[in-house]
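Novice: give me the fold of what follows.
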Amino acid sequence: MNRTRAGAVAVGRSAEEALEPLGARLRAAADTDGPLGVAPGLRPTGGGWFPVADLAARPRERLGALIAEAERRWQAPPHVAAALWWKNFSYWTTLPVALGWALNRRVPMLTAETAMLSIPEADPGMLVAMREPRVATGDVPELGAVIADSLLRDLHAPVIEALHVLTRAGRRGLWGSVAEALVHPLVTFGADLLDDPGDGARTLLESVGGPVAGLVELPGLPDLRRRTCCLWVTLGQGICPTCCVSDPADAVRGEERRSAGARS
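Specialist: As a prediction, this is how the structure comes out:
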């Protein structure tokens with residue numbers, strides 16, 4: 001392994017061996033809970049893959065097409081469709097990172113260039129993989145810095161900015177989905193890996209820092225509560241288990257006023 005300021009980084013065969021326990025855990029989760037949006041072993045197989053960097057690359061045609069499809073699927077305005085697509089995308093790109101952190105402090109280094117995406121027709125509608133195995137190890141502060149630099153700043157931030165430019169989706173709400181994606185696997189797929197999953201979730205968010213720290217409340221497991229809205233509630237089809245909205249009708253009326261103001 002190579003040593004950096006953010007701990008040890010392995011590539012190639014060493015990284016494959018380091019990530020095998022994570023791969024086994026993800027396969028077990030898929031067998032128990034159904035299809036995951038993560039490729040087996042985080043390795044791309046077959047055709048149709050492209051680097052995540054393509055999503056934010058101008059003129060952002062690929063990302064625009066994905067949001068347009070989300071608009072048709074949910075019959076939603078562009079910014080709502082963007083938020084819902086992002087919730088899905090941010091969850092699957094974050095799941096292996098959060099679970100690797102909880103499992104054995106071996107974190108796959110997903111960046112805009114190493115992360116690959118395909119869009120199959122089958123649920124959940126996307127698959128995430130890595131171009132080459134790359135894994136970081138270290139203590140909690142070191143891995144927090146790795147996750148912040150690679151996953152958040154390099155992979156997520158450019159796509160969030162592109163979504164904001166294309167649809168005016170709110171940046172804070174999009175980061176709220178990333179915060180939820182970091183916490184949720186620790187209290188579902190990885191609840192048996194930590195003595196106190198709630199404390200582990202808080203530790204992970206605090207070590208990563210802004211812009212995700214403070215965007216999720218953990219009043220007591222299994223309860224999670226976002227401090228931002230993913231906008232699903234505005235479709236009038238109920239609320240998410242982690243919803244920050246106390247009255248769905250108010251949220252729908254507020255979204256209708258926003259849409260009317262945008263049209264005028």
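Novice: so what secondary structure elements neighbour the longest helix along the chain?
Specialist: The longest helix of the chain (DSSP state H) is helix 78-104. Judged by 3 or more C-beta pairs under 8 Å, 6 or more residues apart in numbering; DSSP states H and E, helix 78-104 is in contact with helix 12-33, helix 61-74, strand 106-108, strand 127-130, helix 140-147, helix 157-167, helix 171-187, helix 197-208. From N, CA and C alone the C-beta is placed, and that goes for glycine too.
Novice: switch to 7 Å and redo it
Specialist: Contact analysis of helix 78-104 by 3 or more C-beta pairs under 7 Å, 6 or more residues apart in numbering; DSSP states H and E lists helix 12-33, helix 61-74, strand 106-108, helix 157-167, helix 171-187, helix 197-208 as its packing neighbours.
Novice: from the chain's centroid, how far away is that helix?
Specialist: Here helix 78-104 is found 1 Å from its chain centre; the criterion is C-alpha atoms, centre = their mean, to the nearest Å.
Novice: again with stretch 136-150
Specialist: For stretch 136-150, the distance to the chain centre is 16 Å (C-alpha atoms, centre = their mean).
Novice: and the contacts of it?
Specialist: 6-9, 97, 101, 105-107, 109-111, 203, 207-209 (C-beta atoms under 7 Å, 6 or more residues apart in numbering).
Novice: just the buried ones from those?
Specialist: 6-9, 97, 101, 106-107, 109-111, 203, 207-208 (16 or more other C-beta atoms under 10 Å).
Novice: tell me which two in the contacts of stretch 136-150 are the farthest apart.
Specialist: 111 and 203 (23.2 Å; C-beta to C-beta).
Novice: residue 120: which of the helices and strands packed on helix 78-104 is closest?
Specialist: When those are ranked by proximity to residue 120 (C-beta to C-beta), helix 61-74 comes first, at 12.9 Å.
Novice: could you check how far residue 58 is from residue 39?
Specialist: 27 Å (C-beta to C-beta, to the nearest Å).
Novice: higher neighbour count, the two?
Specialist: Neighbours of residue 58 and residue 39, each counted by other C-beta atoms under 10 Å, are more numerous for residue 39; the result is 22 against 7.
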